[in-house]
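Novice: Next come a sequence and a model predicted from it.
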Amino acid sequence: MHLTSCKQRSSDNSNLRSLNTDTARVPAALTDFAPYSNNPVFSGTATDTWDQKIRERGFILREDGIYYMWYTGYKGDESSEKHLGLATSTDGLSWTRYKDNPVFDSGWVEDMTVIKHEGTYYMFAEGRGDTAHLMTSVDKVKWERKGPLDIRKCSGEPIGKGAFGTPAIWYEEGVWYIFYERDDLGIWLATSTDMKVWTNKQDDPVIKMGPEIYDQFAVAMDQVIKYNGKYYGYYHASEFKDWHEWTSCMAISEDLIHWTKYEGNPIMREDKSSPILVHDGEKYLLYTMHPEVCVHFPKK
């Protein structure tokens, strides 16, 4: 994929204009969902366990007919240490917790994305202080922590101090793309060819808050998929200054840099956020991962 320079990207809005007239033609299979009657399909135990509560974005990967869900569990208030759990399912509806959970309890893990590449599973997740870090596994169960991500500005200088979390990953043609937020005040994009140093594609957010009401106070990317040659980014957003309620939204791109928000946003309301699409072999299911796991089926 040919990508222009930072300077060129900041001034080129041509594909934004072309996409603005195309959002009405987004496939219903990607936006039009109805909730499962027996939601939620997964939640905290509400008992005296390490995963008494679950938090924010987990991630689901379907492989060889089995659904694997990594999730964040904790006990007590939201400042408590958060660990990584695993649950599996054969139908995406009934879930069984892994018998030796948590699968990683040597540090804070939340808001994870998992991608398999050349036999290794790469988990990009938040650590304490909303700091994105990398973990790896060869069996989906035992994880090794590789450390925080090194994200740089276009100039090569480190990004400013502060949060850089909710990492969402895309890989294509030898390039790794990471979408990250800074205090949920915008979505930035950086790339890497070695996962050691990541460089911003532009030093401004590729998706900003507002001016729409539904995302005027917070945005954070959850997942990117590619469908019929276009990229669809699913993100959670809030229209409230105190973030007391979140919704699920979507944006469209032709190059991963210029994004147009879907005219039908939010695609999921009622405090259903942190959206993840999972293909069941025939169709996409939409899972919302916060504050509990719910599944939504396509209406058509």
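Specialist: Right, received. Where do you want to start? Here the structure is a predicted model, which is why all the values come from computation and not from measurement.

Novice: So in terms of bridging, what pairs with residue 197?
Specialist: Bridge pairing for residue 197 (DSSP bridges) gives the partners residue 150.

Novice: That one: how many residues sit nearby?
Specialist: Taking other Cβ atoms under 10 Å as the criterion, the count of residues near residue 197 is 14. Glycine gets a C-beta too; all of them are placed from N, C-alpha and C.

Novice: the strands in the stretch 51-200 of the chain, which residues?
Specialist: 53-54, 59-63, 66-74, 83-89, 96-97, 110-117, 120-127, 131-137, 144-148, 150-152, 165-172, 175-181, 187-192, 197-200 (DSSP state E, counting those that start in this stretch).

Novice: The last one: how far from the chain's middle?
Specialist: It refers to strand 197-200. Its chain's average C-alpha position is 18 Å from that of strand 197-200, according to Cα atoms, centre = their mean, to the nearest Å.

Novice: what's that strand packed up against?
Specialist: Here strand 197-200 touches strand 150-152, strand 187-192, going by 3 or more Cβ pairs under 8 Å, 6 or more residues apart in numbering; DSSP states H and E.

Novice: for this structure, what helix or strand is lowest in average pLDDT?
Specialist: When the helices and strands of the chain are scored by mean pLDDT, DSSP states H and E, helix 14-20 comes last with a mean of 41.

Novice: Tell me which helix or strand comes right after that helix.
Specialist: strand 33-35 (DSSP states H and E).

Novice: Partner strands of that next one and their direction?
Specialist: Strand 33-35 has these strand partners (DSSP bridges): strand 294-298 (antiparallel).

Novice: Could you check the strand it pairs with and say which residues are buried?
Specialist: Buried residues in strand 294-298, counted by 16 or more other Cβ atoms under 10 Å: 294, 295, 296, 298.

Novice: which residues touch the third one?
Specialist: So that's residue 296. By Cβ atoms under 8 Å, 6 or more residues apart in numbering, the contact set of residue 296 is 33, 34, 35, 36, 268, 285, 286, 287, 288.

Novice: ok, how many other residues are close to the second one?
Specialist: When neighbours are defined as other Cβ under 10 Å, residue 34 has 11 of them.

Novice: Which strand or helix spans the residue nearest in space to the middle of the chain?
Specialist: Taking Cα atoms, centre = their mean, the centroid of the chain lies closest to residue 222, which sits 1.9 Å from it. Counting by DSSP H and E, the element that carries residue 222 is strand 218-227.

Novice: contacts for that strand?
Specialist: Here strand 218-227 has contacts from 27, 30, 57, 113, 165-166, 168-170, 172, 177, 179-181, 184-187, 207-209, 231-238, 243, 246, 248-249, 256, 274-277, 289, using Cβ under 8 Å, 6+ apart.

Novice: For the residue nearest to residue 290 when sequence neighbours are not counted, give me its contacts.
Specialist: Distance criterion Cβ to Cβ, 6 or more residues apart in numbering; nearest residue to residue 290, sequence neighbours excluded, is residue 274 at 4.2 Å. Contact analysis of residue 274 by Cβ under 8 Å, 6+ apart lists 56, 57, 58, 111, 222, 236, 246, 248, 288, 289, 290.
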